[in-house]
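**Q** Just a sequence and a predicted model for now, questions to come.
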Amino acid sequence: MGEQRDRKGRAQGTDRERPVTADESGATPRGADAGGEAVGEAPAGEPAGDPARSDGATEGATGGSGESGSDENGDGDGPENGENNIAVKLEQLILGAERRYTPFQAARSAGVSMDLAARFWRAMGFADIGQVKALTEADVLALRRLAGLVEAGLLSEAMAVQVARSTGQTTARLADWQIDSFLEGLTEPQDSGLTRTEITYPLVELLLPELEEFLVYVWRRQLAAATGRVVQAQDDAEMVNRRLAVGFADLVGFTRLTRRLEEEELGELVEAFETTAADLVAAHGGRLIKTLGDEVLFAADDAGIAAEIGLRLIETMGHDETMPELRVGIAFGTVTTRMGDVFGTTVNLASRLTSIAPKDTVLVDEAFAEELGRTGDAPVSEADAAAAEKAAQEGTGSPPPPYRFALQPMWQRPVRGLGVVEPWMLTRRG
């Protein structure tokens with residue numbers, strides 16, 4: 001135990017150490033200037049770009065310390081140079097540091113091999129940039145942290161790459177959403193006469209610390225909820241392969257809508273559908289796994305929760321005249337969870353049930369129907385439930401439980417890749 005604490009302490013202690021620069025680590029590749037600071041030369045034909053971008057959008061802005069060819073006040077030779085200077089300043093504001101290292105220098109400063117550093121960067125979604133000086137002290141610290149976790153034995157190398165990939169994919173989508181939707185609306189030209197570009201810097205300066213704190217808060221809340229679900233698992237195998245209710249909700253006739261609606265109208269419809277679905281799933285205790293434009297995938301630990309979500313989706317969308325019809329398919333069984341997604345036969349069955357469901361209908365599989373019966377949310381047999389109700393009314397028997405849902409068996413049918421299945425129609429019990 002003492003040895004493990006020592007290893008863990010070494011991993012955590014890297015955050016408290018003074019950052020080691022490329023000069024101090026001995027990383028002095030060809031091209032170092034007389035003052036000792038390495039100058040990363042871009043190979044011929046490679047633009048000096050942002051490592052997180054592959055479109056060359058930041059070309060000409062590689063020198064955070066005045067190497068872009070224009071002064072720090074943005075007094076360039078034309079509007080393009082001025083925009084480049086603003087881009088450089090925005091990058092420095094967001095990253096909190098200037099570009100200082102080439103990838104080789106950053107890897108050396110972090111004490112990791114170039115091969116491992118490249119694997120981490122690609123997993124995080126950053127483009128290959130050659131040996132351009134485009135990285136900061138924060139990039140070095142991130143490498144050092146991941147490598148420290150591996151060295152301390154807290155993560156395997158493969159797991160560290162998965163952590164980098166899941167974090168990169170999630171935050172990349174978040175950043176795109178914030179820029180496309182949030183900042184775009186806030187940076188429309190104002191009455192002051194300032195341009196969007198002139199408004200962006202002070203706006204980001206005000207929002208950045210608030211959004212950063214909010215991001216950490218939401219992440220901690222989600223992490224606490226996910227950890228709670230895992231520790232409630234009965235055994236180690238159930239932590240990875242768990243029994244869940246998995247459902248798909250699909251807009252009917254979406255392909256036809258794409259040909260009839262304008263792009264802006266179509267985007268508004270999809271956003272309204274995803275927002276409504278996300279709110280309903282969260283409010284009733286489910287988890288939204290992902291959205292696919294005209295379809296959402298959700299999961300719940302309890303079949304009764306999933307049933308309520310499915311019916312609420314149908315009812316809510318049905319009262320919205322702007323929305324097309326909806327169909328829902330739900331299955332219950334063992335599901336493999338990985339990197340926030342779900343896989344397995346249960347997921348495939350839920351998808352197939354959705355594709356054969358009539359409009360404004362929820363179809364479930366036999367295992368889901370049996371689970372509702374086991375938990376008392378629906379009668380195992382409608383005939384037995386009707387007989388119990390009649391006996392209670394005549395005073396010859398006890399009243400049946402207050403069932404929430406009703407299940408009607410449908411015709412058995414072959415489902416591609418899954419054989420013959422018996423779907424059940426789920427409704428509310430009157």
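**A** Nice, I can see it.
**Q** list the contacts for residue 404?
**A** By C-beta atoms under 8 Å, 6 or more residues apart in numbering, residue 404 lies in contact with 304, 307, 308, 377, 378, 428, 429. All C-beta spots, glycine's among them, are computed from the backbone N, C-alpha and C.
**Q** Check the residues you listed for burial and list the buried ones.
**A** Burial by neighbour count, 16 or more other C-beta atoms under 10 Å: within the contacts of residue 404 this picks out 304, 307, 308, 377, 378.
**Q** Out of the residues you listed, which sit inside helices?
**A** 304, 307, 308 (DSSP state H).
**Q** got those residues as JSON lines, with pLDDT and distance to residue 148 columns?
**A** Below are those laid out as JSON lines (pLDDT from 0 to 100; distance: C-beta to C-beta, whole Å):
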{"residue": "304", "pLDDT": "95", "distance to residue 148": "45"}
{"residue": "307", "pLDDT": "96", "distance to residue 148": "46"}
{"residue": "308", "pLDDT": "96", "distance to residue 148": "45"}
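**Q** and which of the residues you listed is nearest to residue 357?
**A** Nearest to residue 357 among those is residue 307, at 14.1 Å by C-beta to C-beta.
**Q** Can you verify my assumption that the closest one contacts residue 405?
**A** Yes - taking C-beta atoms under 8 Å as the definition, residue 307 is a contact partner of residue 405 at 5.4 Å.
**Q** Overlap of the contact sets of those two?
**A** 372, 377, 378, 426.
**Q** Now the two most distant members of the residues you listed.
**A** Across the shared contacts of residue 307 and residue 405, the longest distance by C-beta to C-beta is 10.3 Å; it joins 377 and 426.
**Q** any common contacting residues for these two?
**A** Overlap of the contact sets of residue 377 and residue 426 (by C-beta under 8 Å, 6+ apart) consists of 307, 405.
**Q** Can you pull out the low-pLDDT segments for this structure?
**A** For the chain, the stretches flagged by pLDDT under 70 are 1-84, 182-194, 232-241, 383, 387, 391-392, 394, 397, 400.
**Q** Quick check: which helices or strands does the longest strand along the chain pack against?
**A** If you go by DSSP state E, the chain has its longest strand at strand 326-338. When contacts are defined as 3 or more C-beta pairs under 8 Å, 6 or more residues apart in numbering; DSSP states H and E, strand 326-338 sits against helix 236-240, strand 241-251, helix 303-318, strand 341-343, helix 345-356, strand 361-364, helix 366-374.
**Q** Of these, which is nearest residue 283?
**A** Among the helices and strands packed on strand 326-338, the nearest to residue 283 by C-beta to C-beta is helix 303-318 (8.5 Å).
**Q** Please identify the buried residues of the closest one?
**A** 303-314, 317.
**Q** try stretch 133-145
**A** Neighbour counts over stretch 133-145 (16+ other C-beta under 10 Å) mark 133, 134, 135, 136, 137, 139, 140, 141, 142, 143, 144 as buried.
**Q** The helix or strand harbouring residue 226: how far from the chain's middle?
**A** Per DSSP states H and E, residue 226 falls inside helix 196-231. Taking C-alpha atoms, centre = their mean, to the nearest Å, one finds helix 196-231 lying 13 Å from the centre of the chain it belongs to.
**Q** would you list every one of the helices in the stretch 51-200 of the chain?
**A** For the stretch 51-200 of the chain, applying DSSP state H, counting those that start in this stretch gives helices covering 79-95, 103-110, 114-123, 137-151, 157-177, 184-186, 196-231.
**Q** so which of those helices gets nearest residue 299?
**A** Nearest of the helices of the stretch 51-200 of the chain (C-beta to C-beta): helix 196-231, 10.4 Å.
**Q** quick check: angle from that closest one to strand 241-251?
**A** Angle, helix 196-231 to strand 241-251, by axes from the mean of the first three to the mean of the last three C-alpha atoms, to 10 degrees: 140 degrees.
**Q** Could you name the helices and strands sitting against helix 196-231?
**A** helix 79-95.
**Q** can you list contacts of whichever strand or helix holds residue 265?
**A** Element membership for residue 265 (DSSP H and E) is helix 263-283. Helix 263-283 is contacted from outside by 249, 251, 257-258, 261, 287-288, 291, 293-294, 296, 298, 309, 312-313, 316-317, 320, 322-323, using C-beta under 8 Å, 6+ apart.
**Q** How far off centre is that helix?
**A** How far helix 263-283 lies from its chain's middle: 16 Å, per C-alpha atoms, centre = their mean.
**Q** Repeat that for stretch 90-97.
**A** The answer for stretch 90-97 is 24 Å, by C-alpha atoms, centre = their mean.
**Q** How about that stretch, which residues are buried there?
**A** 90, 91, 95, 97.
**Q** Make TSV out of the residues you listed and add distance to residue 160.
**A** Converted to TSV, the buried residues of stretch 90-97 look like this (distance: C-beta to C-beta, whole Å):
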residue	distance to residue 160
90	30
91	26
95	22
97	23
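**Q** which one of those is nearest residue 129?
**A** For the buried residues of stretch 90-97, the nearest to residue 129 is residue 91 (13.9 Å; C-beta to C-beta).
**Q** Look up how far residue 99 lies from that closest one.
**A** According to C-beta to C-beta, to the nearest Å, residue 91 and residue 99 sit 8 Å apart.
**Q** cool, and residue 178?
**A** Residue 178 sits 23 Å away from residue 99, going by C-beta to C-beta.
**Q** Between those two, which is the more surrounded one?
**A** Each of residue 178 and residue 99 has its neighbours counted (other C-beta atoms under 10 Å); residue 99 has more, 27 against 14.
**Q** Report the secondary structure element holding residue 296.
**A** Taking DSSP H and E as the definition, residue 296 sits inside strand 295-300.
**Q** still on that earlier bit, mind giving me the packing neighbours of whatever helix or strand comes next after the helix holding residue 265?
**A** Using DSSP H and E, the helix or strand that follows helix 263-283 in sequence is strand 287-291. In terms of contacts (3+ C-beta pairs under 8 Å, 6+ apart), strand 287-291 is packed against helix 263-283, strand 295-300, strand 341-343.
**Q** which parts of the first one are buried?
**A** Of the residues in helix 263-283, those scored as buried under the neighbour-count criterion (16+ other C-beta under 10 Å) are 266, 269, 270, 273, 274, 276, 277, 280, 281.
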